[in-house]
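**Q** Below are the sequence and a predicted model; questions follow.
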Amino acid sequence: MKLLPATAALLLPLVLQACVLAETTDGTALPPGPIEQIVPGTSTRADVTRLLGPPDEVIYSNRALDPLFEQAYRYRRTRTKQTALFLLLFSSFKSDSRLDHFMVFFDESGVVEHVGTLLDREDAEYGLAF
Amino acid sequence: MGLRSKLATALLACALLPSCRFHMDAIRTGGSWQVEQYGDIELGVDGRGEVLALLGPPDEVFYTLSEEVFLYRMGLHRGSEFRLLVPDVFINPGRPGLQALSPDSSEPTALAAETPIVSFLRGLTENLTGFAAPVTGDQALSLLNRQVRFDVIRVVLDRETHVTLSKELIRNVGADDLSSFVGETLLLSGDG
């Protein structure tokens, strides 16, 4: 029985060295406070950039007969948590990507018309694939 | 069975065991909408604001002469498999790596100038660790991403009134088919 803890202590580093936890975050930070200050029908394009900074993507109107204008701004922050376990006879890989995603649509005068919000980034989880 | 046979069997088992591995994957990427929320969209009644409230911001937005098209995608993969790890030293002893299996890939030019001793040591290391890591990290990730299947929602709105005209839920779209699906969306909805 005395051998058991010693064996476990010897095996533990072998298991640990085959375990990887990785987290990557990409995109613009989206604090909830400034998002709540953007009000459809009131806020303007200037308000949006003042509160949130430059967007990750600008979506343009592309109608041939219309003047080109900025139809919508997209802000997106992605968090990915990856868990990998590689043993001799078994391996497991889990990748969980979650988004903070905010889109604001403008009318032709540059006033906010609609907003879409998804604040899901904190829900990304580590774990095994089962 | 004699001692020699037992020893030979044990050696063979030790040699073969690391070449098989049970592997499990779980990958999730994209938005967080539910099918029930898709079902709640009322065509001709709900507008852009309701769609954004139900499904959140779309992953893609397209405009045609008369329509605004929202595209949502959510990627999921969960699977398990037995993997036979064959080190490619057995496949092509002269060229470690997966080059033997993927003729399009070319070796980095920076490595072409390495000294013979560095080249020898790199080849030796790759061959010795072939059983443990038969593909590189990037190649493994690429293989994994190819396995992800996407559920896609396409919502078409009137461009002027922003009222919903049509909606469609397509399940199980392969990652390789996603780009052609976007092209198809433009062709279907495009009127100019």
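**A** Thanks, I have the structure now.

**Q** what about A:Met103, distance to chain B?
**A** As judged by C-beta to the nearest C-beta, to the nearest Å, A:Met103 and chain B stand 4 Å apart. To be clear about C-beta, it is placed using only N, CA and C from the backbone, and glycine gets the same treatment.

**Q** my read is A:Val20 is in a helix, agree?
**A** No: using DSSP: H, G, I helix; E, B strand; the rest coil, the assignment for A:Val20 is strand, not a helix.

**Q** which residues does it contact?
**A** A:Gln82, A:Thr83, A:Ala84, A:Leu85, A:Phe86 (C-beta atoms under 8 Å, 6 or more residues apart in numbering or on different chains).

**Q** For the residues you listed, pick the one with the most neighbours.
**A** A:Thr83 (20 neighbours; other C-beta atoms under 10 Å in any protein chain shown).

**Q** What helices and strands are in contact with the helix or strand hosting that one?
**A** Per DSSP states H and E, A:Thr83 falls inside strand A:70-86. Counting contacts by 3 or more C-beta pairs under 8 Å, 6 or more residues apart in numbering or on different chains; DSSP states H and E, strand A:70-86 packs against strand A:19-27, helix A:45-52, strand A:57-60, strand A:90-106, strand B:60-63.

**Q** Distance-wise, check the residue nearest the centre of chain A relative to A:Ile59.
**A** With distances taken as C-alpha atoms, centre = their mean, A:Thr78 lies nearest the centre of chain A, 1.9 Å away. Distance check for A:Thr78 against A:Ile59: by C-beta to C-beta, to the nearest Å, it reads 18 Å.

**Q** follow-up on the earlier one: within the sheet, what are the partner strands of the strand holding A:Thr83, with directions?
**A** If you go by DSSP bridges, strand A:70-86 pairs up with strand A:19-27 (antiparallel), strand A:57-60 (antiparallel), strand A:90-106 (antiparallel).

**Q** Comparing these, which comes out most buried?
**A** Greatest average neighbour count among the strands paired with strand A:70-86 goes to strand A:90-106 (a mean of 21), per mean count of other C-beta atoms under 10 Å in any protein chain shown.

**Q** angle of it against helix A:45-52?
**A** Inter-element angle recorded for strand A:90-106 and helix A:45-52: 150 degrees (by axes from the mean of the first three to the mean of the last three C-alpha atoms, to 10 degrees).

**Q** And the next helix or strand past strand A:90-106?
**A** Next along the chain after strand A:90-106, taking DSSP H and E as the criterion, comes strand A:112-119.

**Q** what are the C-alpha coordinates of that following strand, in CSV please?
**A** Presented in CSV, the C-alpha positions along strand A:112-119 are these (Å, rounded to 0.1, in the frame of the first residue of the first chain):
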residue,chain,number,x,y,z
VAL,A,112,-29.1,54.8,-34.5
GLU,A,113,-32.1,52.9,-35.8
HIS,A,114,-31.7,49.4,-34.3
VAL,A,115,-29.2,47.6,-32.1
GLY,A,116,-28.4,43.9,-31.6
THR,A,117,-26.5,42.7,-28.5
LEU,A,118,-25.0,39.4,-27.5
LEU,A,119,-22.9,39.3,-24.3
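
**Q** next one: that strand to chain centre, how far?
**A** Put simply, strand A:112-119 sits 16 Å off its chain's centre (C-alpha atoms, centre = their mean, to the nearest Å).

**Q** Now do that strand against helix A:45-52: the angle between them, please.
**A** 20 degrees.

**Q** Does chain B have contacts with strand A:112-119?
**A** Yes: counting by C-beta under 8 Å from any C-beta of the partner chain, chain B has neighbours in strand A:112-119: A:Glu113, A:His114, A:Val115, A:Gly116, A:Thr117, A:Leu118.

**Q** need the contact list for the fourth one.
**A** What that stands for is A:Gly116. With C-beta under 8 Å, 6+ apart, A:Gly116 has these contacts: A:His101, A:Phe102, A:Met103, A:Val104, B:Leu52, B:Ala53, B:Leu55, B:Gly56, B:Pro57, B:Pro58.

**Q** pLDDT score assigned to it?
**A** A:Gly116 carries a pLDDT value of 95.

**Q** roughly how far apart are it and B:Ser180?
**A** Where B:Ser180 is concerned, A:Gly116 sits at a distance of 26 Å (C-beta to C-beta).

**Q** what does the lowest-mean-pLDDT helix or strand in chain A rub up against?
**A** Across the helices and strands of chain A, mean confidence by mean pLDDT, DSSP states H and E is lowest for helix A:3-16: a mean of 75. Here helix A:3-16 makes contact (C-beta under 8 Å, 6+ apart) with A:Leu87.
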